[in-house]
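Student: Sequence below, structure please.
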Amino acid sequence: MSDEIEDKEFFDRADAIIALANSQCDDFPIGKVSSSLLFSAARFNAFIVASSAKNLEELKKEKDVAIKYFKEQYEKVFIENMDEYIKNYDKNIQDQRK
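Tutor: A predicted model of the protein is given here:
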């Protein structure tokens, strides 16, 4: 599979999750939706780490490594997205408020 196809599929999955969160903002405050989304990502990632471990001892040993990995990944993509919003603030945010 080419990187282009993988990237499209990656963004299609992410966009579907974002669309669900956006639809929930019709009925709930954005902060509550954000908290639910963050919790869901943490819960799912903890499940992935736990289900990938051979046993409980391995899971306990890998806990700190997993926490470090997910913290670094979140920080990286959060910074990338914040930079993108800063760069395109007028188009993505300010124009929506008019």
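Student: So for the longest helix anywhere in the chain, mean pLDDT?
Tutor: Scanning the chain for the longest helix, with DSSP state H as the assignment, gives helix 56-87. Across helix 56-87, pLDDT averages out at 97.
Student: continuing past it, what's the next helix or strand?
Tutor: Following helix 56-87 in sequence order, the next helix or strand is helix 89-92 (DSSP states H and E).
Student: could I get that next one in CSV with only the CA atoms?
Tutor: C-alpha atoms of helix 89-92 as CSV (Å, rounded to 0.1, in the frame of the first residue of the first chain):
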residue,chain,number,x,y,z
TYR,A,89,-6.4,31.4,11.9
ASP,A,90,-8.2,33.8,9.6
LYS,A,91,-9.4,31.1,7.2
ASN,A,92,-10.2,28.4,9.8
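Student: could we number from 595 for the rest of this?
Tutor: Got it, first residue is 595 now, which makes that one helix 683-686.
Student: outside of that helix, which residues touch it?
Tutor: Tyr679 (CB atoms under 8 Å, 6 or more residues apart in numbering). C-beta: built from backbone N, CA, C; applies to glycine.
Student: buried sites along the longest helix of the chain?
Tutor: Buried residues in helix 650-681, counting neighbours by 16 or more other CB atoms under 10 Å, are found at 653, 656, 660, 664.
Student: just those residues now: which is nearest Pro623?
Tutor: Ranked by distance to Pro623 (CB to CB), these are led by Phe664 at 25.8 Å.
Student: distance of that closest one from Lys657?
Tutor: 11 Å (CB to CB, to the nearest Å).
Student: repeat for Ala635
Tutor: 17 Å.
Student: Domain map for this protein?
Tutor: Per automatic domain parsing, the structural domains of the chain span 595-646, 649-692.
Student: what does stretch 610-626 contact?
Tutor: By CB under 8 Å, 6+ apart, stretch 610-626 touches 627-628, 630-631.
Student: Send me it as CSV with only the CA atoms.
Tutor: Provided in CSV are the C-alpha atoms of stretch 610-626 (Å, rounded to 0.1, in the frame of the first residue of the first chain):
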residue,chain,number,x,y,z
ALA,A,610,-14.8,10.3,11.0
ILE,A,611,-14.0,10.6,14.7
ILE,A,612,-13.9,14.4,14.5
ALA,A,613,-17.2,14.4,12.7
LEU,A,614,-18.7,12.3,15.6
ALA,A,615,-17.3,14.8,18.1
ASN,A,616,-18.6,17.7,16.1
SER,A,617,-22.1,16.2,16.0
GLN,A,618,-22.1,15.8,19.8
CYS,A,619,-21.3,19.5,20.1
ASP,A,620,-24.9,20.1,18.9
ASP,A,621,-26.2,18.6,22.2
PHE,A,622,-23.3,19.1,24.7
PRO,A,623,-20.8,21.8,25.6
ILE,A,624,-17.6,21.7,23.5
GLY,A,625,-15.5,21.2,26.7
LYS,A,626,-17.5,18.1,27.7
